[in-house]
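Visitor: Here is a sequence with its predicted model. Questions after.
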Amino acid sequence: MHADELKQVHAELRDRLFHAGLLIPSGVDGLYGRNATFEAVVRAVDEQACLLGVDEQPEVVEFPPFLPRATFDRIGYLQTFPQLAGTVFSFTGGDREHAALVRQLEAGEEYADALSQTEITLVPACCYPVYPAATGALPLGGRVFELKTYCFRHEPSVDPMRMLAFRQREHVKLGTPDQVQEWRARWFERVPKLFSELGIDVTTEVANDAFFGRAGRFMASAQLEQELKFEFRIPVYGEEHPTACASLNYHQAHFGELFDIRGDDGAEAHSSCVGFGLERCAVALFARHGTDIESWPRAVRSRLWP
Ligand SMILES: [Zn+2]
């Protein structure tokens, strides 16, 4: 499919979801409301994704969908993904500056220069808040976290599989290289099994993140070569154009070094995370089984709502 053909197909699926009331348009591509049926599917997928890791007895934690800017900068997000970033600005001036801002607004002018950057950014990946919270020595066997949050990535698109604001459910393992690799091997099996039980074809592919620019191309090829990222892809728009609905990432000692986390061997901890894009999973289910959940196959319904 050519790019404009593909865009048409994306828009068709989105319109189908709008028409069924599952997604609620906002006027901005990628920013939608969800109705109760859509949320019921998100919740069900989420619960099943959590159950997959229940035997690890994860520490369940909750973070707001914002990061301290200091953490965001330490992770180097603007070095690697500037095109996806969402930094928060607010107004810090006095009456004079405010009057100028109001004049700009009334004239319909750009007003970014009247605002100042705050100490927070939007969270681009669910697991980022975990690492600074885990600084120090890990207990024997490492730690496992389970968390969910809204993430923001600035990639406006008519494709309902690619939203600006979406939820990720993640499980994160911190430990020695052996502990982390064992954990990763278990998820490698679990994720495709769940999708196939939901009646969805899935392929597991070695992948790379969308690193920016020329330097990013080197990072992407190293990531591919070392098989650090796997995506579980669903052919919502055909076999040629599958979309990742979950991914399994091995960060080696990246976060262990950045945030001084040490394994029970005393060395810098390794980490791995598995993340489910909950809206993507829901959209994939509606695309596969139709917009009326009452008519979904019995096996799928009983897998989601046991
Ligand atoms: Zn993660």
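Guide: Okay, I see it.

Visitor: and the residue nearest to residue 175 when sequence neighbours are not counted, what is it in contact with?
Guide: Among residues not flanking residue 175 along the chain, residue 142 sits closest, at 2.4 Å (C-beta to C-beta, 6 or more residues apart in numbering). Quick note: C-beta positions are derived from backbone N, CA and C, even for glycine. For residue 142, the contact set (C-beta atoms under 8 Å, 6 or more residues apart in numbering) comprises 173, 174, 175, 176, 179, 180, 263, 264, 269.

Visitor: PyMOL command to pick out the buried ones of those residues?
Guide: Selection of buried members from the contacts of residue 142 for PyMOL, criterion 16 or more other C-beta atoms under 10 Å:
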select buried, resi 173+174+175+176+179+180+263+269
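
Visitor: which of the contacts of residue 142 lies closest to the ion?
Guide: residue 173 (10.5 Å; C-beta to the ion).

Visitor: What mean pLDDT does the one helix or strand that closest one maps to get?
Guide: Using DSSP states H and E, the element containing residue 173 is strand 165-175. On average, the pLDDT along strand 165-175 is 98.

Visitor: With just CA atoms, put it into PDB.
Guide: Extracted as PDB, the C-alpha positions of strand 165-175 are listed here (Å, rounded to 0.1, in the frame of the first residue of the first chain):
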ATOM      1  CA  ALA A 165      -2.200  10.100  24.700                       C
ATOM      2  CA  PHE A 166      -2.500   6.500  25.500                       C
ATOM      3  CA  ARG A 167      -2.100   4.100  28.400                       C
ATOM      4  CA  GLN A 168       0.600   1.500  28.900                       C
ATOM      5  CA  ARG A 169       0.600  -1.400  31.300                       C
ATOM      6  CA  GLU A 170       4.100  -2.400  32.100                       C
ATOM      7  CA  HIS A 171       5.900  -4.900  34.200                       C
ATOM      8  CA  VAL A 172       9.500  -4.000  35.000                       C
ATOM      9  CA  LYS A 173      12.300  -6.300  36.200                       C
ATOM     10  CA  LEU A 174      15.500  -4.900  37.900                       C
ATOM     11  CA  GLY A 175      18.200  -7.300  38.900                       C
END
